[in-house]
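Colleague: 3D, please:
(one chain, ligands or ions: 1)
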Amino acid sequence: MPVDGLHERRLLENFDNLGLSPLVLGNLAALGLTKPTPIQAQAIPHIVEGRDLLGLAQTGTGKTAAFGLPMLTRLIAFGKRPAPKTVRALILAPTRELATQIADNITAFAQGSPIRVFRVVGGASINVQSERLARGVDVLIATPGRLLDLLDRRALTLSETTYLVLDEADQMLDIGFIHALRKIARMLPENRQTLLFSATMPKLMSELADSYLKEPVRVQVAPPGQAAEKIEQAVHFTTQGEKATLLAEYLGKHPGELAIIFNRTKHGSEKLAKLLDGWGFSVGAIHGNKSQGQRERTLAAFRASEIQVLVATDVAARGLDIPQVAHVYNYDLPNVPENYVHRIGRTARAGRDGKAVAFCAPLEMADLRSIEKMMKKPIPVVGGQPHAEGAGSGMSKPAGRRPGGGNGGGKSFGGGKPQGKPQGQRQGKPHAAKADGGARPPKRASRRPKGERAA
Ligand code: AMP
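Modeller: Numbering: from 1, shown residues only. Predicted coordinates for the structure are as follows:
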């Protein structure tokens, strides 16, 4: 591809010069997508030509369209219907939610074409999925576990699959899908086009890339480990016992705005959601103990802003793309630093701004340091004091005078001094008093959510 400045500028201005099919271009226009994002401008011409590609890009960069648009262009040009039980293009994603999102996007890009898009994930009827696969599909979006189950049942064959996308491949490795991926790869034809997208490039990942990709073009839109610039990040030092009240203060400052709260454990997420609900917030929880139906209903309500607060574990929230999410709270710091990037990437999507506040208890200082090391910069402090325990060696420094002091938050994050009881967001809807007095928030530090990790 010529790389002179003029050519590159034209690529970035619109989708017309990227080699996409007229039908796909029409759908893009109808969706209001007029200007390619950097990963789209860089990747699409190579994919249209049939090259393998290694894309280093985080969520929110537009990578779904980067692989989806040229894939559809090639499938439409092929012009033949898939044979029964075969799949022309396979997209593997780490979670059900991401698979659903990809399927929704691809379906929208393929409107008006004969391309058949289907999604298979766990938690839904495998028989229904088998029946659908019997007719053959053009684009199958799957989580690796369910795909293997279906392959074991001989519900499909991958012998005709000449187009493979591994999305959020680093997360698939984190979740432990490496054996599943290897097994699936062995069933695919040697002669295929493979695209691998990952936000980070750990060693295992580059080994995987080496074994899956043939002379790949490498495109990178943000150095791995660096969060999108539009996210305003902050850390608030506190104790484990005070986190819930502090969170309620932050939430109370932004009524009506969508927030995702990350918690390390399913149990902790459930407890926190119940506590916030008791305090009058409009809240839902998604984690591995919820059924697929429950997860989908909660996400639909959150997307529609019917609930404003979503408490989630890392796995459940992977890849979520909800542009209205204005706040991410790291209630617990992730112990895998890369997860911090994924978590905060749930906000500042589709060109909007977003804020991400991390609550750091004394035992989490080491986690904070690992995150800052990976990000290669300190996270600004908006409240509390860095904890002792070798805290001096951490990169975070208190950001000068802070309004409110103590647990007080910086202005822009709306932390502020604790102002009595946490305020819920369901105005005009009194919460039913519970036997344990759940309608009234507990006094600070006197009652804390049970089941939270002890600091
Ligand atoms: P992704 O990184 O694929 O999860 O996409 C992130 C978000 O960017 C989604 O909400 C897309 O609809 C949106 N998006 C993708 N491509 C474009 C584009 N060219 N212009 C504006 N928004 C886009």
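Colleague: when you work out contacts or count neighbours from here on, use the C-alpha atoms and nothing else.
Modeller: OK.
Colleague: what about the stretch 251-400 of the chain, any weak spots by pLDDT?
Modeller: The stretch 251-400 of the chain contains residues with pLDDT under 70 at 316, 319, 350-351, 389-400.
Colleague: and if we set it to 80?
Modeller: Filtered on pLDDT under 80, the stretch 251-400 of the chain yields the residue ranges 315-319, 349-352, 389-400.
Colleague: in it, which spans are strands?
Modeller: All strands of the stretch 251-400 of the chain, identified by DSSP state E, counting those that start in this stretch, fall at 258-262, 283-286, 309-312, 325-330, 354-360, 381-383.
Colleague: quick one: contacts of the helix or strand in which Gln42 is found?
Modeller: Element membership for Gln42, per DSSP states H and E: helix 38-48. For helix 38-48, the external contacting residues (CA atoms under 8 Å, 6 or more residues apart in numbering) are 1, 11-12, 15, 18-20, 52-53, 55, 57, 61-63, 65-67, 69-71, 73-74, 217, 219-221.
Colleague: before we move on, the earlier item: can you add mean neighbour count and give the strands of the stretch 251-400 of the chain back as TSV?
Modeller: What follows is the strands of the stretch 251-400 of the chain, written out as TSV (neighbours: other CA atoms under 10 Å):
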stretch	mean neighbour count
strand 258-262	26
strand 283-286	25
strand 309-312	27
strand 325-330	25
strand 354-360	25
strand 381-383	27
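Colleague: closest one to the ligand among those strands?
Modeller: strand 325-330 (11.5 Å; CA to the nearest ligand atom).
Colleague: now for the closest one, which elements pack on it?
Modeller: strand 258-262, helix 337-344, strand 354-360 (3 or more CA pairs under 8 Å, 6 or more residues apart in numbering; DSSP states H and E).
Colleague: so it versus strand 258-262, what angle?
Modeller: 20 degrees (axes from the mean of the first three to the mean of the last three CA atoms, to 10 degrees).
Colleague: report the rounded mean pLDDT for the one helix or strand Thr64 maps to.
Modeller: According to DSSP H and E, Thr64 maps onto helix 63-78. Helix 63-78 shows a mean pLDDT of 94.
Colleague: chain center to it: distance?
Modeller: Distance of helix 63-78 from its chain centroid, counting by CA atoms, centre = their mean, to the nearest Å, is 22 Å.
Colleague: stretch 71-85 now?
Modeller: Taking mean C-alpha positions (CA atoms, centre = their mean), stretch 71-85 and its chain are 29 Å apart.
Colleague: from Arg182, how far off is the spatially closest residue to Leu158 that is not a sequence neighbour?
Modeller: In space, and not counting its chain neighbours, Leu158 is closest to Leu188: 5.4 Å by CA to CA, 6 or more residues apart in numbering. Distance of Leu188 to Arg182, given as CA to CA, to the nearest Å: 10 Å.
Colleague: just the element for Phe197, please.
Modeller: strand 193-198.
Colleague: what angle separates that strand from helix 63-78?
Modeller: 170 degrees.
Colleague: tell me the strands beside strand 193-198, with direction?
Modeller: Sheet pairing of strand 193-198 (DSSP bridges) gives strand 53-56 (parallel), strand 163-166 (parallel).
Colleague: as JSON lines, those strands with distance to the ligand would be great.
Modeller: Output for the strands paired with strand 193-198, formatted as JSON lines (distance: least, CA to the nearest ligand atom, whole Å):
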{"stretch": "strand 53-56", "distance to the ligand": "11"}
{"stretch": "strand 163-166", "distance to the ligand": "13"}
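Colleague: which of those strands is buried the deepest?
Modeller: Most buried of the strands paired with strand 193-198, by mean neighbour count (mean count of other CA atoms under 10 Å): strand 53-56, with a mean of 24.
Colleague: can you give the distance from that one to the centre of its chain?
Modeller: For strand 53-56, the distance to the chain centre is 18 Å (CA atoms, centre = their mean).
Colleague: dump the C-alpha coordinates for it into CSV.
Modeller: Output of strand 53-56 as CSV, limited to C-alpha atoms (Å, rounded to 0.1, in the frame of the first residue of the first chain):
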residue,chain,number,x,y,z
LEU,A,53,-3.1,-9.6,10.1
LEU,A,54,-2.0,-9.1,13.7
GLY,A,55,-3.9,-6.1,15.2
LEU,A,56,-2.7,-4.6,18.4
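Colleague: for that strand, which outside residues touch it?
Modeller: Here strand 53-56 makes contact (CA under 8 Å, 6+ apart) with 39, 43, 46-47, 194-201, 209, 213, 216-224.
Colleague: now, of those, which are buried?
Modeller: Buried by 16 or more other CA atoms under 10 Å: 39, 43, 46-47, 194-201, 209, 213, 216-217, 219-222, 224, out of the contacts of strand 53-56.
Colleague: pLDDT below threshold where in the stretch 51-200 of the chain?
Modeller: 58-60, 200.
Colleague: which bits of it sit near the ligand?
Modeller: 59-65 (CA under 6 Å from any ligand atom).
Colleague: repeat that with 8 Å
Modeller: 58-66, 102, 105 (CA under 8 Å from any ligand atom).
Colleague: thought Val311 was touching Ser282?
Modeller: No. When contacts are counted by CA atoms under 8 Å, Val311 is not listed as touching Ser282 (10.9 Å).
Colleague: ok, the nearest residue to Gln324 once chain neighbours are set aside - contacts?
Modeller: The shortest distance from Gln324 to any non-neighbouring residue, by CA to CA, 6+ apart, is to Leu258 (6.3 Å). When contacts are counted by CA under 8 Å, 6+ apart, Leu258 touches 302, 305, 307-310, 324-327.
Colleague: again with Ala326
Modeller: Ala326 touches 257-259, 347-348, 353-355, counting by CA under 8 Å, 6+ apart.
Colleague: now it: closest residue in space that isn't a chain neighbour?
Modeller: Using CA to CA, 6+ apart, the nearest residue to Ala326 is Gly354, at 4.7 Å.
Colleague: so Leu188 and Arg182 - more neighbours on which side?
Modeller: Leu188 (18 against 13; other CA atoms under 10 Å).
Colleague: isn't that one up against Thr161?
Modeller: Yes. Between Leu188 and Thr161 there is a contact at 6.3 Å, judged by CA under 8 Å.
Colleague: outline the domain layout of the protein.
Modeller: 3-220, 231-440 (automatic domain parsing).
Colleague: are any of the contacts of helix 38-48 buried, and if so which?
Modeller: 11-12, 15, 18-20, 52-53, 55, 57, 61-63, 65-67, 69-71, 73-74, 217, 219-221.
Colleague: ok, back up a step: what lies in contact with the strand holding Phe197?
Modeller: Taking CA under 8 Å, 6+ apart as the rule, strand 193-198 contacts 50-58, 63, 67, 162-171, 209, 212-213.
Colleague: I'd assumed Thr235 was in a strand, is it?
Modeller: Just so we're on the same page, residue 235 is Val rather than Thr. Yes. Assessed with DSSP: H, G, I helix; E, B strand; the rest coil, Val235 lies in a strand.
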